[in-house]
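Peer 1: coords please:
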Amino acid sequence: MFKIFHIRQTIARIFRAIDIAFIMLKYLLINWMSTHRLLFGFIPRRYKRDKLIISQAERLRTVIEDLGPTFIKFGQILADRPDVVSEKLGEELKKLQNTAEPFDHERAIILIEEELGGSIKTLFRSFDSNCIGSASLGQVYKGVLHNGDEVVVKIQRPDIKPKIELDLQILKYFAEQLIKEYPGFAVMDLVGVLDEFEDALLKELNYLNEAGNAIRFYEMFKEVEYCKIPRVYMDMTTDKLLVMELVTGVIPSNKEELIANGLSPNAVAENGMTILLEMIFKYGFFHADPHPGNMFIQAGNRIALIDFGMTGTLKPAHMHFLAGFTLGLATRNAGTVTDALLTLCGKKFFAEKNDLEFLVSDMLKRFGSLSYEKTNFSQLLNESVKIIQKYDLQLPGSIYLLAKALATLEKVGYNLDAEISLPVLIRPYAEHLIKEKFSPKQIAGEVFDTVKDYVSLIRDFPNEINEILYNLKKGKIVVDINLKNPESAVKSIKQMGSMIVSIFILAVMMAVCVILIVKDKETPAVHFLFGVSIFFSIWLLLRLFFRSKDA
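Peer 2: Residues are numbered from 1 along each chain as shown. As a prediction, this is how the structure comes out:
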């Protein structure tokens with residue numbers, strides 16, 4: 001039985017690989033024909049504009065559209081990864097639309113009933129069998145529950161998961177082979193990008209993840225009047241079916257339409273930016289795709305968010321990077337911005353820091369004619385990312401999502417209110433985070449953790465030594481040393497041993513004294529011992545320093 005399953009899987013891979021190969025061959029053929037004027041007339045019309053062949057980047061976009069939902073999703077993610085694709089190709093990939101022809105409505109109804117375990121007629125008071133939206137992964141219907149609640153029902157396309165898993169396997173195979181043949185591609189970390197993409201896409205395929213994200217946002221903003229997160233009906237939601245509260249309103253893509261509906265574009269822009277900044281700085285969890293199609297503006301300039309499939313999570317270090325980066329921009333301090341970028345890359349010591357700081361300083365000077373309030377924050381963040389990439393430093397994937405979210409929302413905000421300033425709105429959050437980081441409570445906590453680590457080291461040290469000696473005795477540790485001057489080596493080992501013993505005794509003395517002082521049990525004898533241990537510690541350090549200097 002398992003053999004039959006593997007045979008079917010292998011056959012499916014072969015047919016899909018052949019399908020992909022034909023599409024790619026068509027792309028290569030069009031590229032070749034575009035270089036020969038005599039063949040221009042045979043190139044299909046979809047590859048021309050004003051009787052001219054469209055650019056190579058545009059042709060690649062059309063090929064990705066032909067390859068299907070997996071490749072479309074991957075192209076959309078690559079569009080926001082300047083470390084992998086060029087700026088020109090990235091702009092073209094942003095045009096990829098996550099839309100698709102709806103599949104058969106009767107088939108959709110059957111799938112919904114299978115997931116709910118009952119008939120549509122018994123589960124809903126009314127149900128519109130015409131879908132209100134269709135995408136590459138699923139399509140959406142509208143219904144009314146028996147209690148009168150209006151809901152949207154999103155059902156996953158049939159057999160989409162096996163197709164996507166198959167495409168992912170093929171993509172990974174191509175990436176691995178490409179790196180084997182052309183090792184230069186390893187710098188781009190294509191396999192790493194594919195792993196991130198696979199994780200994100202498989203999560204998006206499981207609607208329980210989207211439901212969980214929506215519930216998390218609901219808890220974050222349930223007390224905020226200017227933010228609306230739709231309710232999730234978990235008793236009707238499965239991994240392939242999502243039932244949520246229907247939200248309506250005005251789409252914030254048109255300023256005049258907002259005004260015509262009695263809404264304030266300025267308030268809408270500020271509310272939208274504030275919501276995203278709250279997500280980032282307060283919770284470290286944000287909506288990664290806040291474009292106008294995922295928002296509805298309701299009475300009172302309230303922002304209603306939908307589509308929680310793509311989210312970003314930030315570690316505290318990422319949030320502190322953003323705070324440091326913001327304050328560095330505000331003060332035009334290249335050193336602060338550089339330190340923030342290196343911290344983000346996990347580099348405490350970087351040999352080319354001065355060169356990096358020079359490039360950051362040059363970037364700040366190019367934007368120096370603008371006041372901080374007029375600075376395009378997301379553009380400067382993207383510029384900084386490009387500078388980092390010149391040194392082949394690795395950035396966390398969530399930072400690209402963050403940059404994309406900020407750029408999207410900044411664009412939406414500026415379209416509604418030309419005077420709004422993301423840098424002005426972001427600065428108080430950054431200052432609060434910096435103050436929190438250096439607050440006495442935070443510092444005390446860090447000191448306590450450090451002392452605890454040292455106490456653990458002292459406590460475990462004898463056991464560690466015993467284990468090493470036991471392994472030496474049993475012959476499990478073998479040391480092969482070739483000495484040219486045995487007498488000198490023995491003398492050095494003896495000196496090193498006495499030095500280690502002295503350091504250990506001093507460390508124990510200091511630790512005991514510190515603990516007694518902290519516990520308010522200090523006496524003149526304790527203070528004397530503490531002073532002696534400090535004196536001998538300094539003496540040992542000086543002795544070690546001058547000995548190494550003589551050597």
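
Peer 1: pLDDT weak spots in the protein?
Peer 2: For the chain, applying pLDDT under 70 flags the ranges 1-10, 12-13, 38, 40-42, 49-52, 80-84, 97-99, 178, 181-190, 436-551.

Peer 1: after the helix or strand hosting residue 122, next one along is what?
Peer 2: Per DSSP states H and E: residue 122 is located in helix 120-123. Downstream of helix 120-123, the next assigned helix or strand under DSSP H and E is strand 126-134.

Peer 1: for that following strand, buried residues please.
Peer 2: Neighbour-count burial for strand 126-134 flags 127, 131, 134 (criterion: 16 or more other Cβ atoms under 10 Å). C-betas here are computed from N, CA, C, even on glycine.

Peer 1: which helices and strands does that strand pack with?
Peer 2: On a contact count with 3 or more Cβ pairs under 8 Å, 6 or more residues apart in numbering; DSSP states H and E, strand 126-134 meets helix 105-116, strand 138-144.

Peer 1: any idea how far the shortest one is from the chain center?
Peer 2: In this view, strand 138-144 has its centroid 30 Å away from the chain centroid, taken as Cα atoms, centre = their mean, to the nearest Å.

Peer 1: name every strand pairing with it and say which way it goes.
Peer 2: Within its sheet, strand 138-144 is paired with strand 126-134 (antiparallel), strand 150-156 (antiparallel), according to DSSP bridges.

Peer 1: with distance to residue 350 added, can I get these in a markdown table?
Peer 2: Converted to a markdown table, the strands paired with strand 138-144 look like this (distance: least, Cβ to Cβ, whole Å):
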| stretch | distance to residue 350 |
| --- | --- |
| strand 126-134 | 48 |
| strand 150-156 | 46 |
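
Peer 1: relative to residue 229, which of those strands is closest?
Peer 2: strand 150-156 (13.7 Å; Cβ to Cβ).

Peer 1: and whichever helix or strand comes after the closest one, which residues are buried?
Peer 2: Heading C-terminal from strand 150-156, the first helix or strand you meet, by DSSP H and E, is helix 160-181. The neighbour-count check on helix 160-181 (16+ other Cβ under 10 Å) flags 160-161, 163-168, 170-172, 175, 178-179 as buried.

Peer 1: checking the nearest residue to residue 214 once chain neighbours are set aside next. Helix, strand or coil?
Peer 2: Counting by Cβ to Cβ, 6 or more residues apart in numbering, residue 214 lies nearest to residue 308, which is 4.6 Å off, once chain neighbours are set aside. Here residue 308 is coil, with the state taken from DSSP: H, G, I helix; E, B strand; the rest coil.

Peer 1: and the gap between residue 308 and residue 315?
Peer 2: Distance, residue 308 to residue 315, by Cβ to Cβ, to the nearest Å: 20 Å.

Peer 1: the two: which is more packed in?
Peer 2: residue 308 (26 against 11; other Cβ atoms under 10 Å).

Peer 1: test my guess that that one contacts residue 218.
Peer 2: No: checked against Cβ atoms under 8 Å, the pair residue 308 and residue 218 is beyond contact range at 9.8 Å.

Peer 1: for the residue nearest to the spatial centre of the chain, give me its contacts.
Peer 2: Centroid-nearest residue in the chain, with Cα atoms, centre = their mean: residue 398, separated by 1.2 Å. Contact analysis of residue 398 by Cβ atoms under 8 Å, 6 or more residues apart in numbering lists 312, 313, 314, 315, 318.

Peer 1: what's the ChimeraX line that selects buried ones from these?
Peer 2: Of the contacts of residue 398, the buried ones go into a single ChimeraX selection, burial set by 16+ other Cβ under 10 Å:
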select :312,314,318
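
Peer 1: any chance of TSV for the contacts of residue 398, columns secondary structure and distance to residue 28?
Peer 2: Converted to TSV, the contacts of residue 398 look like this (DSSP: H, G, I helix; E, B strand; the rest coil; distance: Cβ to Cβ, whole Å):
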residue	secondary structure	distance to residue 28
312	strand	36
313	strand	39
314	coil	41
315	coil	42
318	helix	41
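
Peer 1: burial count for residue 426?
Peer 2: If we define neighbours as other Cβ under 10 Å, then residue 426 has 23 of them.
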